[in-house]
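Chemist: here is the input, now give the coordinates:
(one chain, ligands or ions: 4)
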Amino acid sequence: AKSMGRNKIVIFHQSMEESIKRKEKLKVELRQAINQKDLFLVYQPQFDTRTNSFRGCEALVRWDHRQEHIIFPLEFIPIAEESGSIIDLGEYVLNEACEQAMQWRDQFKQDFYVTINLSAKQIAHKSLIPYIDKMIKRTGIPVELIELEVTESMLMMDMDRAVEVLSILKAKGIKISLDDFGTGYSSLSYLKKLPLDKLKIDKSFVNDIPGDKDSEAIAKTIISMANQLGLEVVAEGIENARQVKFFTEHGCYLFQGHYFSPPCRAKELIKQFDNIIPF
Ligand code: C2E
Ligand code: CA
Ligand code: CA
Ligand code: CA
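Modeler: Ligands and ions are numbered 1, 2, ... in the order given. The predicted structure follows:
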């Protein structure tokens, strides 16, 4: 037993060291990947049960690592934030997503928005607003088709600055959405300070609905608060029809999750739409 214990310690040290090495390796490779455009976007649609149609998509970034497989953002976004490459990565995502939105606009002949996740580092960086201005000019995208997603925990870093930046973007007509609502360091005072259009109910509450009384109570409270504040509300991580029924019955009509569609490349997305609505 003693020697097993010792082995365990050795294994633990090895894996710690390996994970640090892997992080360092990915940090260098990510820079290259951004330059070589080995990143791509997948899109997950938001469905509206009031109109029975898809209204827009969230853009989610992926890394096609040439030697490995597809790497997910939960692994490389923190690395990008640490190394500073999140600024270039973020600009790539903004640009790519807006160009895609313009393509949809031509195809669908109706409004279809794109939502883009921002990192705290992007909001803190002076280049964000000028970059967005340039991008809007270049792509010609109608501003109201752009929605930016922020989280409470990322805004904590510098709340005053975040409010200032988001207010400038909002004044241009860009929509602002508060992601993962109810997790992290939620504070209701944010709802008053931030220039928001939308709240996204985190999937950790959605998971246990229907059934878990506490999650149901929290979801109902968030919906009624959103409605009273004049904010749109989206339930994310929707995996079954019972969840759709619960939320619709309680005043939340916008949905995102595998039940409607997993995130997929723009080409595949069109096929998903064809199955449900005639665009
Ligand atoms: P998020 O913004 O909360 O995105 C939703 C995540 O939930 C996505 O994971 C999505 O694939 C997953 N999801 C969607 N529907 C379902 C469902 O029905 N069930 C379950 N269990 N999961 C579902 P993904 O794509 O791995 O992204 C993870 C996180 O990485 C995102 O969380 C977001 O915070 C971050 N992220 C993704 N793309 C970007 C980006 O371009 N920039 C930045 N800064 N962050 C990004
Ligand atoms: Ca998001
Ligand atoms: Ca989310
Ligand atoms: Ca999340």
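Chemist: switch to C-alpha atoms for all contacts and neighbour counts from now on
Modeler: Will do.
Chemist: pretty sure Arg22 is in a strand, no?
Modeler: No: using DSSP: H, G, I helix; E, B strand; the rest coil, the assignment for Arg22 is helix, not a strand.
Chemist: isn't Ile116 up against Gln44?
Modeler: No: counting by CA atoms under 8 Å, Ile116 stays clear of Gln44, with 11.1 Å between them.
Chemist: give me the common contacts of those two.
Modeler: Counting by CA atoms under 8 Å, 6 or more residues apart in numbering, the residues touching both Ile116 and Gln44 are 58-60.
Chemist: what's the neighbour count on the closest residue to Leu155 other than its chain neighbours?
Modeler: Distance criterion CA to CA, 6 or more residues apart in numbering; nearest residue to Leu155, sequence neighbours excluded, is Ala162 at 6.1 Å. Other residues lying near Ala162 total 20 when counted by other CA atoms under 10 Å.
Chemist: next SSE downstream of the helix or strand Ala162 falls within?
Modeler: If you go by DSSP states H and E, Ala162 is part of helix 159-171. Next in sequence after helix 159-171, counting helices and strands by DSSP H and E, comes strand 175-181.
Chemist: packing partners for that next one?
Modeler: Applying 3 or more CA pairs under 8 Å, 6 or more residues apart in numbering; DSSP states H and E, one finds that strand 175-181 contacts strand 146-151, helix 152-155, helix 159-171, strand 198-201.
Chemist: and the contacts of the third one?
Modeler: Residues lying outside helix 159-171 but in contact with it, judged by CA under 8 Å, 6+ apart, are 123-124, 129, 155, 175-176, 193-195.
Chemist: mind listing what's buried in stretch 219-228?
Modeler: 219-220, 222-224, 226 (16 or more other CA atoms under 10 Å).
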